[in-house]
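>>> this is the structure alone, sequence omitted:
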C-alpha cells in the first residue's frame, strides 16, 4: 500500500496518528506509535508529513506541525538513501524525492521559528545526500531566492544555506574540494556584498538609535536584518574554512581571508562605541551589539587557526593583535566590555603567540630554542619566509615594554579573584576548587592564565626577572599575619598563581628554599579563615613546584601539605590532597623519610573522603590513597590494613547509586589487594562481602560494574595464598555472568583457570555443573577470537582430568567437533586457528580417552547439529577428523602437530573402512613431526633449555604467580609431551599389520613414495 499526498484522507489519517502518539492515555499512545512505525515503511509517508507541516491555520496545531517536521527529518535520515537494512527495501522512490525537494524549497518562508529550523536542517540533510548528482542546481536556486527584497524570506533562505554548507562540510571524502569551489563561485560575492550592506544599515540604525531611542519601535526589520547579518557571517566562515584546505598545508593564499578579516575588524571597532550607550538606554540592543562583537572575534580566531599564513597580512595580523592588546591592557576597558568579548581577545593573542607557523625558526624542544640549519626545499623556504614575515609583524606590535605591560596586567588584573569568585568560594568551596582547576576558554581568569603561560614561554628571558620581582613585592603589600581579605592579599594570590605556572623558569631569580622558609611557611602559619585564599594557593603551588624542589626541604614541604589536609576550608584540603599526590610521586616517601606522616595522611584522607560531597573530590581522595598504597607498599602497609578496609567499606556503602564512583572504587580495591599480595586475606572481611554483592548479576548496575567486578575477582584469586571456601562458593556466579555478557571473556577465562589450577579435582566435585554450563555457553556463543581465548583452558582440563572431564563437558566437546570440521578459511586466520586448536583438543582426547571420543562421535545429537547447519555427513565423523588433522597440520604449532600425529597413529589400529587408504598421508605426517621434534630437542639440549628452565629464568614480563607456576608444572607433566611418537608409531604399525594382514599392508606400502618410506625407516631406527 502507498500513501498519496493528494488524498486528503491519507493526510488526515497520518495527522490523527501523530496526535494520538502524544496522548496521555498509554493504550492510545502505544497503538498510535505502532501504526506510526508501520506507516514509515509506506511510500508517500514523507510527503504526507510534509503536507501536515505546510498546513497552517486552525486545522493544524503548531505543536503537531513541529512534531511532523521532526518525524519527517528522522525518516529522511533513515530512508533517503537505499540500505539493505532499511524496512523500505528500495528506499524513498525517486518520484517522491523530486516532489519533496521541490516542496521544501517552496516552504522555506515558514513563520514558526522552531519549525523553520527543522525544515532548514531537513533541506541540509537532503543537500548532503543529493548534491551534486541528484540536485545539482540547489545552490543556484537558493542564491537566486536569496536575492529578494523581502528581509524575512532572505533570512530564512540564508539559514537554509548555512545549514546546508555545514552539513556538506562533513561529507568526506565523497564530496571533493572542486564541488565546494563551485559553491563559492555561486555564493561568496553576493553573500559578502549582502553582509557589508547589512553592516552599513545596522551601523546607521545604531547611530540614529543612540540619539533617538524612540525610533526603535518604528524599525520592525532591524532585528531581522541583524539576525540575517549574523547568519551571513556564518556562511562566510563556512565557505572560507570548508571551501579551502588550510594554507599551512597547501601554501596557497586564501585571498578572501585578508579581504574579510580587515572588514571584520573595522566592524568590531565601529560597534564597540555603542556598548556603553546601549547599556544605559537599550539593553536589548546592547545584548545584540555584544553578541555581534563576540561572534566577529570568534570568526577572526577561526580564520587565524585555519589559514594562519593568509591571516598574516599587514592589514590584518598586526592590526588584530594591536587591537586585542589595547582592549586587554587599557584600564578603562576593564569594565567597559563583556567578559565573553575579552575572552575572545585574549584567545586571539594566545593563538598568535602559540602559532607554530609563525615560529618555524624557533622550534622548541622543552624550554630550549634551537635554530634549524638544514637545507630546505623550495616549499620549506617559502614557509620560512612567510613565518619570518608573520613573526616580524608580531614583534612590531609586541615590543619589550608592551610584553612587560601585558604580563603585569595579566597578574595584577586578570588573575585576581573577583567578588563573584569569592562569593562562589564561600557558597561552595568544594565546587569552587574544581571549577578553578580547569584551564578553559570560557571564563576570563582561566583564559588569562593560559595566555600568561604562553607569553612567559615565548619571552622567558625578559619576563622571569620581572615575575620574580613581583613575588618579592607582594610581601610588602600583604603581610603574612593579616586577617582581612585585602587587595594586597588578592594580589599575593595572583602572583603565587603566576609563579606556580612558570616556576621552572624562575629558579635563577628565586630560590625555592629561601622563598618557602622565608615567606610561604610563614603564610601557612596564619590559620585565619580569610587566609584560606593564600593557604589554598600555596598548597597548589607546592604541587606545581614539586619537580623543582630538591634536598631536605622536600620533607618540610610534605609535612606542610599534610597539615593542610586538616584545614577548616574544603578547597584548601582538596588542593593539599592534589599536591601531596603529585609530591609523593616525585619525591618518594622513603627517600625523604616520611613514614611518620603516613598515619596522619590516612586519617586525614579518610576524613576528607567522608566530608566530600562531589564525585571529583572523592576521586581525588581515591587517587591519593592509591598513591599512598603504592609508595608505602609491602609489609609496611599491614598496620593500616584494617583502617583502609574500613574506609573502602564505608565509602562503598555511601556510593549507592553512583555508578562511576563504584567503578573507581572497585579499581582502587583491586590495586589495594594487588599490593597486599599474599597478605590479602587480611582484608577479606571487606572484600568477600563486596564480591558476594557485585558478582550477583541481579543487582543494579551489574552490567556497568561487570569489568571492574571481574578484575577485582581475578586480583583476589591471583593474590590468594589458597582458595578459601568462601572464594570457592563464588564460582557459580560465573554462570550468570557468562549468560548475560561475554565482553570480558579473557578475564573470565583467567578466573576459571585459577579455579582449575589451584582447586583441581575439588572444583569438579563442588561445581561440576557450573563448569559445564560456563564452557558450553562460551563455546556456543563466543566469536573466533573468544574461542581462541577459551580453548587452551579446555585443553588444560582434558589434560588434567582425561577420564572425568570429557563426559562432564560433552556438550562443549560436541561443538568443538563441529568447529573443527566446519571451520578454517585462509581468508579468516582466527577461524582457522580456532579450527586447528579444536582439532588438537579432540586429538588429545583420542590419545588420553579414546573410548569417550568414539562415543562422542557416535552421538545422534552431533549428526543432527550438522544437518541443522545444512551440512550433509556422508562419511564416518572420525574419517572427517582424520582428514582435518592431515589437511590442517601445517597451521598447527609444534605441540598440536604431535597431538595430531599421535592421534593418527592410534587410528591406524582401528578397523574402520577408509583408514588404511590414508596410510601414506598418516606416515608422511608422523615422519615429519618426528624429524622436526628431534631437531628441536637437539637444539634445546645444546642450549640447556627446558620448560622448567624457561619458567625459572623468565624475565619480569613472565607472570610468576602461583597459578602460572602450577600451570607450568602441569604442562611439564603432560603425558603427550613426554611420550615418544616414534615408539607409539612403531607399535601401532605392527598392530595395523596384524589387523589388515601382510598382503594388504604391503600393497598399501608399495603405493607410498619411497622417499617417505626411507625417511620413516631412518626416523624409527635412529631417533629414540
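The structure has been received and is ready for your questions. Please read all numbers here as calculations on a predicted model, not as lab measurements.

>>> every contact and neighbour count from this point should use C-alpha atoms.
OK.

>>> and the helices in the stretch 251-400 of the chain?
Applying DSSP state H, counting those that start in this stretch to the stretch 251-400 of the chain gives helices spanning 255-271, 274-281, 283-306, 308-311, 317-329, 339-354, 378-397, 400-409.

>>> JSON lines for those helices, including mean pLDDT, mean neighbour count and distance to residue 862?
Shown next, in JSON lines, are the helices of the stretch 251-400 of the chain (pLDDT from 0 to 100; neighbours: other C-alpha atoms under 10 Å; distance: least, C-alpha to C-alpha, whole Å):
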{"stretch": "helix 255-271", "mean pLDDT": "95", "mean neighbour count": "18", "distance to residue 862": "73"}
{"stretch": "helix 274-281", "mean pLDDT": "77", "mean neighbour count": "16", "distance to residue 862": "84"}
{"stretch": "helix 283-306", "mean pLDDT": "91", "mean neighbour count": "20", "distance to residue 862": "65"}
{"stretch": "helix 308-311", "mean pLDDT": "96", "mean neighbour count": "28", "distance to residue 862": "69"}
{"stretch": "helix 317-329", "mean pLDDT": "95", "mean neighbour count": "20", "distance to residue 862": "78"}
{"stretch": "helix 339-354", "mean pLDDT": "94", "mean neighbour count": "21", "distance to residue 862": "69"}
{"stretch": "helix 378-397", "mean pLDDT": "89", "mean neighbour count": "17", "distance to residue 862": "70"}
{"stretch": "helix 400-409", "mean pLDDT": "96", "mean neighbour count": "17", "distance to residue 862": "81"}
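
>>> please identify the helix or strand for residue 728.
Under the criterion of DSSP states H and E, residue 728 resides in helix 725-729.

>>> residues in contact with that helix?
With C-alpha atoms under 8 Å, 6 or more residues apart in numbering as the test, helix 725-729 has contacts from 688, 717, 755, 763.

>>> tell me the pLDDT at the last one?
In this case it means residue 763. What the model reports as pLDDT for residue 763 is 91.

>>> distance-wise, check it relative to residue 901.
Distance of residue 763 to residue 901, computed by C-alpha to C-alpha, to the nearest Å: 32 Å.

>>> okay, these two: which has more neighbours?
Comparing residue 763 with residue 901 by other C-alpha atoms under 10 Å, the one with more neighbours is residue 901, at 28 against 17.

>>> surely that one and residue 929 touch.
Yes - between residue 901 and residue 929 there is a contact at 7.1 Å, judged by C-alpha atoms under 8 Å.

>>> nearest residue to residue 46 other than its sequence neighbours?
On the basis of C-alpha to C-alpha, 6 or more residues apart in numbering, the spatially nearest residue to residue 46 that is not a chain neighbour turns out to be residue 72, at 5.9 Å.

>>> could you pull out the buried residues of the helix or strand containing that neighbour?
Element membership of residue 72, judged by DSSP H and E, is helix 62-79. For helix 62-79, burial by neighbour count (16 or more other C-alpha atoms under 10 Å) applies to 62, 64-73, 75-76, 78-79.

>>> would you mind measuring from the spatially most central residue of the chain to residue 689?
Of all residues in the chain, the one closest to the mean position by C-alpha atoms, centre = their mean is residue 660, 15.4 Å from it. Per C-alpha to C-alpha, residue 660 is found 20 Å from residue 689.

>>> also residue 576?
33 Å.

>>> more neighbours, these two?
Neighbours around residue 576 and residue 689, counted as other C-alpha under 10 Å, are more numerous at residue 576. The numbers are 30 against 12.

>>> packing partners for the helix or strand containing that one?
Of the helices and strands defined by DSSP H and E, residue 576 is found in helix 570-587. Packed against helix 570-587 by the contact rule (3 or more C-alpha pairs under 8 Å, 6 or more residues apart in numbering; DSSP states H and E) you find helix 429-436, helix 532-544, helix 553-564, helix 615-632.

>>> got the contact list for residue 772?
So, once contact is read as C-alpha under 8 Å, 6+ apart, residue 772 ends up touching 808, 809, 812.

>>> grab the nearest non-local neighbour of the second one.
To tie it back to what came earlier, the one meant is residue 809. By the measure of C-alpha to C-alpha, 6+ apart, the closest residue to residue 809 outside its immediate chain neighbours is residue 772, 5.2 Å from it.

>>> returning to what we had before: report pLDDT for the residue nearest to the centre of the chain.
Taking residue 660 on its own, its pLDDT is 88.

>>> relative to residue 666, how far out is it?
If you measure residue 660 against residue 666 using C-alpha to C-alpha, the figure is 10 Å.

>>> do the same with residue 380
From residue 380 to residue 666 the distance is 53 Å (C-alpha to C-alpha).
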